[in-house]
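**Student:** only the shape, not the letters, is given here:
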């Protein structure tokens, strides 16, 4: 129920009572939120299903608030992470922390289990996260070339050559900060633009340009979400990547 | 011979033939450069002493260039690191990498040993760095409260309460990007200001304001260098901190 989808940008729908109603019959065992939590009554409703509630924190302060509001597990999202940053108590990107600094400080500050996210691509990264006190890891970028992923062709092509260009956190594709491979849109309009319409409206703003460029086979205006460590991207079944990463957690 | 000193900001002197002449009689076994390397003839001269040459890289590209120019060891400086960023092939802070993402990608790209720097504060951090392929760690912030450190009183007081405010990378104190605790100077003039005089002249520009504020006991215009993980700062002898961190390397 994270409001963002890795391949195509953010969903338009925040988590409301109507959405809870739709999900309730499925009684998911885990519900993971991004951009903070919905209203306390909604969190309680989700917990009432027996679901474990997860949410992302990008600072120690956010982690403390999530714990106070009853989350079962905190995802410590370092700034290496691809896609949207889950930040919700601050809008200040200048003070966002790297995974290696963020995880141990959140582990020390809360009692709930902490999952590390951001920059983890393989067993070595998972082992590092464990050393820092994380109980598990959340990995995104490494799966984006898997046949199971809905990653679009231009995005796949960019990820397969990700080492050739850097990533940056940009708001030009959705209105909220998210990390992707630097292309013309980020270089010329951003990375952070005060002119970007508020989330999620920026996606509408850039859509015609993106569509026109994509018709010409260009990714210049496409959101190419990618973390800072794309070295784990492989066009192999997701289970294979999962087993390889999990080897670092034992 | 790094051109920056942790407590008081950058030295004015780049590494020149005159400086090499002064150092030569001491034949230091290790010479570590920051902000890239001096001219090839000077690097060869230092190597001629039998010294091992180290230098910092903040990107894979910088690491590759350092290796091509003959460094013996590369320090992978993640953006968590306090003080001056060693970046020398790029001025783009938006594409700087966290330690967890940077170290394994540099380890994979070069044949020389890699030292991890940035966000490492204790044995757990050292163990994480080892898991990522680093042979050693370089730690700065954790030592700043040691009796051996020349950290000034206002800086010490700020570090002792570092958890109360975030850090940011700023150019307002020296003209080059460096990470410190956010104070009034960073908040109101930066963090990155296009008006900052070029390195190292910004230090002169801010000096009168800093001196006036310090006379009033205020750190509002003082460079309070600090990495993103100040949890290791303790007012104990440096040897004690070293032994604690080294426990994570075995």
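**Tutor:** It's in. Note that the structure is a prediction, hence the values are computed from the model and not measured.
**Student:** residues touching the residue of chain A found nearest chain B, list them.
**Tutor:** Nearest to chain B, among the residues of chain A, is residue A:98, at 3.0 Å (Cβ to the nearest Cβ). Every C-beta, even on glycine, is put in place using the N, C-alpha and C of the backbone. Listed by Cβ atoms under 8 Å, 6 or more residues apart in numbering or on different chains, the contact set of residue A:98 reads A:78-80, A:118-119, B:78-80, B:98-101, B:118-119, B:228.
**Student:** ok so residue A:53 is a strand residue?
**Tutor:** Yes: under DSSP: H, G, I helix; E, B strand; the rest coil, residue A:53 falls within a strand.
**Student:** helices of chain A, start to end?
**Tutor:** A:17-23, A:40-48, A:60-68, A:99-109, A:123-131, A:153-160, A:184-189, A:202-215, A:238-246 (DSSP state H).
**Student:** returning to that earlier point: find the residue closest to the residue of chain A closest to chain B in space, skipping its chain neighbours.
**Tutor:** residue B:98 (3.0 Å; Cβ to Cβ, 6 or more residues apart in numbering or on different chains).
**Student:** report pLDDT for the one you found.
**Tutor:** pLDDT for residue B:98: 98.
**Student:** what does residue A:210 give?
**Tutor:** Confidence at residue A:210, expressed as pLDDT, is 97.
**Student:** count of residues packed around it?
**Tutor:** When counting by other Cβ atoms under 10 Å in any protein chain shown, one arrives at 21 neighbours for residue A:210.
**Student:** would you confirm that residue A:125 contacts residue B:105?
**Tutor:** No: counting by Cβ atoms under 8 Å, residue A:125 does not reach residue B:105; the two are 10.7 Å apart.
**Student:** intersection of neighbour lists for those two?
**Tutor:** Jointly contacting residue A:125 and residue B:105 under the rule Cβ under 8 Å, 6+ apart are residue A:229.
**Student:** pick out whichever of the two has more residues nearby.
**Tutor:** The neighbour comparison of residue A:125 against residue B:105 (other Cβ under 10 Å) goes to residue A:125, with 30 against 23.
**Student:** identify the residues contacting the more buried one.
**Tutor:** A:119, A:137, A:229, A:232, A:245, A:248, B:100, B:104, B:131, B:132.
**Student:** of the contacts of residue A:98, grab the buried ones for ChimeraX.
**Tutor:** With 16 or more other Cβ atoms under 10 Å in any protein chain shown as the criterion, this ChimeraX line picks the buried residues out of these:
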select /A:78,79,80,118,119 /B:78,79,80,98,99,100,101,118,119,228
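**Student:** and which of the contacts of residue A:98 is nearest to residue B:184?
**Tutor:** Nearest to residue B:184 among the contacts of residue A:98 is residue B:228, at 20.2 Å by Cβ to Cβ.
**Student:** still on that earlier bit, ok, so of the contacts of residue A:98, who is nearest residue A:50?
**Tutor:** residue A:118 (29.2 Å).
**Student:** how about residue A:195, nearest residue that isn't a chain neighbour?
**Tutor:** Nearest residue to residue A:195, sequence neighbours excluded (Cβ to Cβ, 6+ apart): residue A:189, at 7.8 Å.
**Student:** count the neighbours of that neighbour for me.
**Tutor:** Residue A:189, neighbours per other Cβ under 10 Å, totals 20.
**Student:** low-confidence regions, chain A specifically.
**Tutor:** A:1-13 (pLDDT under 70).
**Student:** in chain A, which residue sits furthest out from the middle?
**Tutor:** If you look at how far each residue of chain A sits from its centre, by Cα atoms, centre = their mean, the farthest one is residue A:216, at 28.7 Å.
**Student:** alright, calling it a day.
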